[in-house]
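Peer 1: Could you look at this predicted model? Sequence included:
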Amino acid sequence: MSLLPAEWTALLYLAVAVCFILALKGLSSPKTARRGNLVGSAGALVAVITVFLSVKLDNIPAILIAIIVGAGIAAPIARRVQMTQMPQLVALFNGVGGGAAALVAVLELGHTDDPWVRVAVVFTMLVGAVSFSGSAVTVAKLQELITTRPLLFPGMRWVMSATLVAAIVACGFIVATGSAGWAIALLVLGLAAGLLLVLPVGGADVPIVISLLNAFTGLAVAASGIVLGNVLLVVAGTLVGASGTILTRAMASAMGRGVSGILFGAFRGGSTAGSTTQSDRPVRSTGPEDVAVLLGYAQRVVIVPGYGLAVAQGQHTVAELATALEERGIQVDFAIHPVAGRMPGHMNVLLAEANVPYESLKEMAEVNPEFKNTDVALVVGANDVVNPAAKTSPGSPIYGMPILEVGDAGQVVFLKRSMRPGFAGIENELLFDPKTTLLFGDAKDSLTKVLGAVKAL
């Protein structure tokens, strides 16, 4: 017998659903993201407690042990993860969520004869398995455990098509018979489909696929709510699926490409494939003192942060540099591209960690017209999001992607570790422009030297 009456359970579930909606609303802005996270976490805690109080559970000791073990593994990882590894952590969350939903569906298959519930079961199994294996590949690619370039083999598109057809056939047999053998076959086919879906994706497209798989996981969780008869799972899964879909479309738009082109572009040579090739063309390099002079005697400076800044953990140093310039009466802003870094909001969170005021963060549409009135654009660890090939090279894998128009500034300074191309694997012609200078080295080390030189002016 449950400790909570059905009316109270329904009211608590409603309150939790409102918390989840408010959490998503809060996460839409850096100013309210922390509060949104706390509201969502509180809602999830109330949801778990409500389940314990409203449902007659078997094997409670085993459930509690699983929760303790899971928390013991997840909490240290989440606390220690670097900002550069946040996309991998998100992908792991996606995969584990999808895999859990698929396993729950398998266990519930033997407890229902309703063909409509079995439809929800097979949907959960297939989508959850795709999300699990696909997320594992995205983690491996971003962690560089495997190459970030698209992985293809002859006839791959036909193998992919055959796998999907076989999965649909297996779904039909499971709905009709409830066969455990076909359920296992469907899980295997779903895992294979996830691998085949993500392996051909390369370079800068991987974070977008993570967002898409997040939407898949949400749909799998919503379907598992139907299987278990839990309205809150349906609501939460639908919210995750909808928000993941919206984010995927927004990221694809920011890249100037369609989702189908991102997933299947490698088959026609259109995927952003990472590269290690370095250019040997001459560029104009400089030292930290010269960069300090350029910055120190400018009237307006726009700083463009990128993944290289996150790798070097230079956010606090660049914030100090901005403060030092502002003390000299210089207007300093940060230009944020929607897909700078490895995930949306990556640079916003990174700079918020260094207490950069939100008012100093300018989105692309707002800052682009202002580059013409900018004396110096300081690009720190970014490449593809300022690459003019997106506008001038139709054959380029990033062609059509909106970029930050740093080339319109009076002077452009790149802080780069080397001449290695960005994640898209193509040269940036802006590096060879006469008004561009390069300061080579680790971003944090270079910024520290520039900061010291600015203070000495």
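Peer 2: Okay, I see it. Residues are numbered from 1 along each chain as shown.

Peer 1: Could you list the low-confidence segments of the stretch 101-250 of the chain?
Peer 2: Across the stretch 101-250 of the chain, the ranges flagged by pLDDT under 70 are 203-204.

Peer 1: Do you have the helices of it handy? List them.
Peer 2: 115-142, 156-177, 180-198, 206-228, 231-254 (DSSP state H, counting those that start in this stretch).

Peer 1: out of these, nearest to T9?
Peer 2: The minimum distance between T9 and the helices of the stretch 101-250 of the chain falls on helix 231-254, with 9.5 Å, by CB to CB. C-beta here means a position set from N, CA and C on the backbone, and glycine is covered the same way.

Peer 1: which regions of the stretch 301-450 of the chain lie under the pLDDT threshold?
Peer 2: In the stretch 301-450 of the chain (pLDDT under 70), the answer is 342, 395, 421-425.

Peer 1: again, only using 90
Peer 2: 306-314, 337-361, 363-365, 381-403, 416-434, 442-443 (pLDDT under 90).

Peer 1: what residues are up against N348?
Peer 2: P30, I336, L361 (CB atoms under 8 Å, 6 or more residues apart in numbering).

Peer 1: Turn the helices of the stretch 101-250 of the chain into JSON lines, including mean neighbour count.
Peer 2: Shown next, in JSON lines, are the helices of the stretch 101-250 of the chain (neighbours: other CB atoms under 10 Å):
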{"stretch": "helix 115-142", "mean neighbour count": "24"}
{"stretch": "helix 156-177", "mean neighbour count": "16"}
{"stretch": "helix 180-198", "mean neighbour count": "21"}
{"stretch": "helix 206-228", "mean neighbour count": "25"}
{"stretch": "helix 231-254", "mean neighbour count": "19"}
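
Peer 1: Which among the ones you listed is found nearest to I60?
Peer 2: With CB to CB as the measure, helix 206-228 is the member of those nearest I60 (17.2 Å).

Peer 1: report the angle between the axes of the closest one and helix 180-198?
Peer 2: Computed by axes from the mean of the first three to the mean of the last three CA atoms, to 10 degrees, the angle separating helix 206-228 from helix 180-198 equals 160 degrees.

Peer 1: Mark which of the contacts of N348 are part of strands, please.
Peer 2: I336, L361 (DSSP state E).

Peer 1: now that we have the contacts of N348, which one has the most neighbours?
Peer 2: If you count neighbours using other CB atoms under 10 Å, the busiest of the contacts of N348 is I336, which has 23 neighbours.

Peer 1: contacting residues around that one?
Peer 2: P305, M347, N348, L361, K362, E363, M364, V367.

Peer 1: Recalculate using a threshold of 7 Å.
Peer 2: M347, N348, L361, K362, E363 (CB atoms under 7 Å, 6 or more residues apart in numbering).

Peer 1: before we move on, what about V198?
Peer 2: Contacts of V198 (CB under 7 Å, 6+ apart): G134, V137, T138, V209.

Peer 1: Could you find the closest non-adjacent residue to the second one?
Peer 2: It stands for V137. V198 (4.1 Å; CB to CB, 6 or more residues apart in numbering).

Peer 1: Starting from A66, give me the distance back to the one you found.
Peer 2: According to CB to CB, to the nearest Å, V198 stands 28 Å off from A66.

Peer 1: and the nearest residue to S131 once chain neighbours are set aside, how many residues sit next to it?
Peer 2: Nearest in space to S131, with sequence neighbours left out and distances taken as CB to CB, 6+ apart, is G98 at 2.9 Å. By other CB under 10 Å, 30 other residues sit near G98.

Peer 1: likewise the one 4 residues further on?
Peer 2: The local packing of A102 (other CB under 10 Å) involves 26 other residues.

Peer 1: Domain map for the protein?
Peer 2: 1-80, 95-274, 288-456 (automatic domain parsing).

Peer 1: Can you lay out these as a markdown table showing distance to M86?
Peer 2: Putting those into a markdown table (distance: least, CB to CB, whole Å) gives the following:
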| stretch | distance to M86 |
| --- | --- |
| domain 1-80 | 10 |
| domain 95-274 | 10 |
| domain 288-456 | 6 |
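
Peer 1: burial measure for A62, as a count.
Peer 2: The number of residues packed near A62 is 10, by other CB under 10 Å.

Peer 1: Which residues in stretch 344-362 does the neighbour count mark as buried?
Peer 2: P344, G345, H346, M347, N348, V349, L350, L351, A352, V356, L361, K362 (16 or more other CB atoms under 10 Å).

Peer 1: Mind checking which of those residues land in helices?
Peer 2: Judged by DSSP state H, the subset of the buried residues of stretch 344-362 located in helices is H346, M347, N348, V349, L350, L351, A352.

Peer 1: Throw the residues you listed into CSV and include distance to L430, thanks.
Peer 2: As requested, those are exported to CSV (distance: CB to CB, whole Å):
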residue, distance to L430
H346, 22
M347, 19
N348, 24
V349, 26
L350, 23
L351, 23
A352, 28
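
Peer 1: ok, now how distant is L404 from W8?
Peer 2: Where W8 is concerned, L404 sits at a distance of 52 Å (CB to CB).

Peer 1: okay, these two: which has more neighbours?
Peer 2: L404 (25 against 14).

Peer 1: and the more buried one, helix, strand or coil?
Peer 2: With DSSP: H, G, I helix; E, B strand; the rest coil as the basis, L404 sits in coil.

Peer 1: wait, isn't it in contact with M364?
Peer 2: Yes - under the criterion of CB atoms under 7 Å, L404 makes contact with M364 at 5.9 Å.

Peer 1: Which neighbours do the two have in common?
Peer 2: Joint contacts of L404 and M364 (CB under 7 Å, 6+ apart) are H337.

Peer 1: quick one: buried residues of whichever strand or helix holds V454?
Peer 2: Element membership of V454, judged by DSSP states H and E, is helix 443-456. Using 16+ other CB under 10 Å as the burial criterion, the residues of helix 443-456 that qualify are A443, K444, S446, L447, T448, K449, V450, L451, A453, V454.

Peer 1: That's all I had, so thanks and see you.
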